[in-house]
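Undergrad: starting from these lines, generate the structure:
(chains A and B)
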Amino acid sequence: MSFLELRRVSKSYGAGPTEVHAITDVDLTVERGSLVAVMGPSGSGKSTLLTIAGSLEEPTSGEVLIEGVSLQAMSRNDKARLRRRTIGYVFQDFNLLAGLTAVENVTLPLELDGLSAKKARAVGMNALEELGLGDRATHFPDELSGGERQRVAIARAVVGERHLLLADEPSGALDSTNGEAVMRLVLTACKRGVAAVVVTHDAQLASWADRVVFLRDGRVVDQTTPPPSPESFLEESSPSSPLR
Amino acid sequence: MSVRHALLALLSEGPKYGLQLQKEFESSTGEIWPLNIGQVYTTLQRLERDGLVESDETESEGPQKGFRITDAGAEELSSWLNTPPNMTSPPRDELVIKVLSALRVPGVSVHDVIQVHRRYLVELMQQWTRLKEDESEFDLSFALVVDAELFRLDAVVRWLDTADGRLKRAATDPVTAPSGPHFARRLVVRR
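TA: This is a model prediction of the structure:
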């Protein structure tokens, strides 16, 4: 069973002559432990797809299932619990709360979910240490570099038992070295069994994914096939390598 | 890419044997660029003929013959390192020609053609990226070569994305549409 499944999901805004179709009949499945990238230009519906997958927005038609359970069948409370416990979000502008320290930002969803402050702090510190930010835990967001802020955002998204990571242009304005670091963190989370969806216009970020889905004008138009093993690829590519 | 200059660079560290140069050359390109020993010796002979390296005259020919860089060789190496490669040639890239041609073929969607190539390039990039996934097995030369390849492919994907967007806008705004002959003529003139 797929961890996340979108079935013929459409979303439109407005009505009549001003109606805008953000996404149309999108099918998407993401297994646990796998990373799917959704690639498309600005305005192709990438962010809408992500907010619907994360239950932040309702589709106009179609169905979203998380662990086989349809979001439509869930109460508002159930959905709120799902967002607190199961889904982690990473946004382009990080969305850290300026008045909270790094570790407080990470532990906020845990505390909202009823975990004691002490336990939450221990889990949060652990998550930050794993990302090499142990010594930055008590710093406020404006005291952190862009790369550090994004690592905090990722720690917050995967802390606790979150199994679905949804990231919208997660490398934001970071340089390519930091962008690569971000994708390595996402991949590490996937190896622990997290299902991840990253939407991006950046082919270098998308190339970290197991599968890349291409979106154009709100529709899935294509996707990559699973790549062969690295070894066989290297053998194959060597003779024609432009570096020769 | 110049094998001559790559060998001069390796010899600038100190005298070396042919076999050693072959091994060091391969490891310095992250094992991505195999070089046969025959090519190493042919190149060394030419470098010697041009006065850029010298060999141990006393030793016999073979794997134990040592080579060192001369002053002229060091000068040549320095000049090569600091001379930008020629990147000014006009775009005659096959992919560009395919996209331009797709515009003229009745019944063909240029957007579909662009997508075919975009997917292929992203699949190639996925394969290169997988090579760098395991950082612990990753040596520096290899990382640099893989990055170079990823950035090269990325640039092509970006061009396709831009072309896609430009064509989409042009379809709704005939003023900016690439009206075949006129557009083609400008390209010819530039060459």
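
Undergrad: now do whatever residue of chain B ends up closest to chain A, the pLDDT please.
TA: Per CB to the nearest CB, B:Met125 is where chain B lies closest to chain A, at 3.7 Å. Where you see a C-beta, it was placed from the backbone N, CA and C, and this is true even at glycine. We have a pLDDT of 95 for B:Met125.

Undergrad: leaving aside the residues next to it on the chain, what's closest to it?
TA: A:Ser207 (3.7 Å; CB to CB, 6 or more residues apart in numbering or on different chains).

Undergrad: quick one, phi/psi of that neighbour?
TA: Here is the backbone geometry of A:Ser207 (degrees, to the nearest 10): phi -70, psi -10.

Undergrad: also A:Gly62?
TA: Dihedral pair for A:Gly62: phi 90, psi -180, per degrees, to the nearest 10.

Undergrad: pretty sure it contacts A:Asp25?
TA: Yes. Counting by CB atoms under 8 Å, A:Gly62 does reach A:Asp25; the two are 7.3 Å apart.

Undergrad: so how far is the first residue of stretch A:56-66 from its last?
TA: By CA to CA, to the nearest Å, the extent of stretch A:56-66 from end to end equals 13 Å.

Undergrad: actually stretch B:46-65, not the one I typed
TA: 15 Å.

Undergrad: same question for stretch A:200-216.
TA: 13 Å.

Undergrad: now do that stretch: distance to the chain's middle.
TA: Offset of stretch A:200-216 from its chain centre (CA atoms, centre = their mean, to the nearest Å): 12 Å.

Undergrad: tell me the contacts of the one residue in chain A that gets nearest to chain B?
TA: The nearest approach of chain A to chain B comes at A:Ser207, 3.7 Å away (CB to the nearest CB). Shown in contact with A:Ser207 (CB atoms under 8 Å, 6 or more residues apart in numbering or on different chains): A:Ala37, B:Val122, B:Met125, B:Gln126, B:Trp128, B:Thr129, B:Leu150.

Undergrad: whichever of these end up buried, select them in ChimeraX.
TA: Of the contacts of A:Ser207, the buried ones can be selected in ChimeraX as follows, counting by 16 or more other CB atoms under 10 Å in any protein chain shown:
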select /A:37 /B:122,125,126,128,129,150
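
Undergrad: just the ones of the contacts of A:Ser207 in strands?
TA: A:Ala37 (DSSP state E).

Undergrad: I'd like the next helix or strand past the host helix or strand of B:Phe67.
TA: In the assignment (DSSP states H and E), B:Phe67 maps to strand B:66-69. Moving toward the C-terminus from strand B:66-69, the next helix or strand (DSSP H and E) is helix B:71-82.

Undergrad: and the strands in chain A, which stretches?
TA: Using DSSP E, the strands of chain A run over A:4-13, A:20-30, A:35-39, A:61-66, A:69-70, A:87-90, A:164-168, A:195-200, A:211-216, A:219-223.

Undergrad: hang on, the earlier thing: how confident was the prediction at the residue nearest to B:Met125?
TA: 96.

Undergrad: separation between it and B:Val3?
TA: 30 Å (CB to CB, to the nearest Å).

Undergrad: tell me the mean pLDDT for the helix or strand containing B:Ala9?
TA: Here B:Ala9, judged by DSSP H and E, is contained in helix B:3-11. In this model, helix B:3-11 carries a mean pLDDT of 94.

Undergrad: what about that helix, near chain A?
TA: No. With CB under 8 Å from any CB of the partner chain as the criterion, chain A is not reached by helix B:3-11; the gap is at least 10.0 Å.

Undergrad: how about the biggest helix by length in chain B against chain A, any contact?
TA: Identified as the longest helix of chain B according to DSSP state H is helix B:140-172. Yes. Using CB under 8 Å from any CB, helix B:140-172 comes into contact with chain A via B:145, B:148-154, B:157-158, B:161, B:164-165.

Undergrad: want to throw those residues into CSV with pLDDT?
TA: Shown next, in CSV, are the residues of helix B:140-172 next to chain A (pLDDT from 0 to 100):
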residue, pLDDT
B:Val145, 88
B:Ala148, 93
B:Glu149, 93
B:Leu150, 95
B:Phe151, 96
B:Arg152, 94
B:Leu153, 96
B:Asp154, 96
B:Val157, 96
B:Arg158, 96
B:Asp161, 95
B:Asp164, 94
B:Gly165, 93
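
Undergrad: which ones are touching residue 142?
TA: Unless you meant another one, I'm taking chain A. Taking CB under 8 Å, 6+ apart, one finds A:Ala98 in contact with A:Asp142.

Undergrad: right idea, wrong chain: chain B
TA: With CB under 8 Å, 6+ apart, B:Phe142 has these contacts: B:Gly30, B:Glu31, B:Ile32, B:Leu131.

Undergrad: contact residues of chain B facing chain A?
TA: B:1, B:29, B:32-34, B:111, B:115, B:118-119, B:121-131, B:133, B:135, B:145, B:148-154, B:157-158, B:161, B:164-165.

Undergrad: quick revisit: which residues do A:Gly62 and A:Asp25 both contact?
TA: A:Arg8, A:Val9, A:Ser10.

Undergrad: quick one: mean pLDDT over stretch A:146-153.
TA: Average pLDDT, stretch A:146-153: 88.

Undergrad: confidence-wise, which helix or strand of the chain is lowest on average?
TA: Unless you meant another one, I'm taking chain A. helix A:230-237 (a mean of 66; mean pLDDT, DSSP states H and E).

Undergrad: that's the wrong chain, I meant chain B
TA: Quick look at chain B via mean pLDDT, DSSP H and E: least confident is helix B:180-190, a mean of 50.
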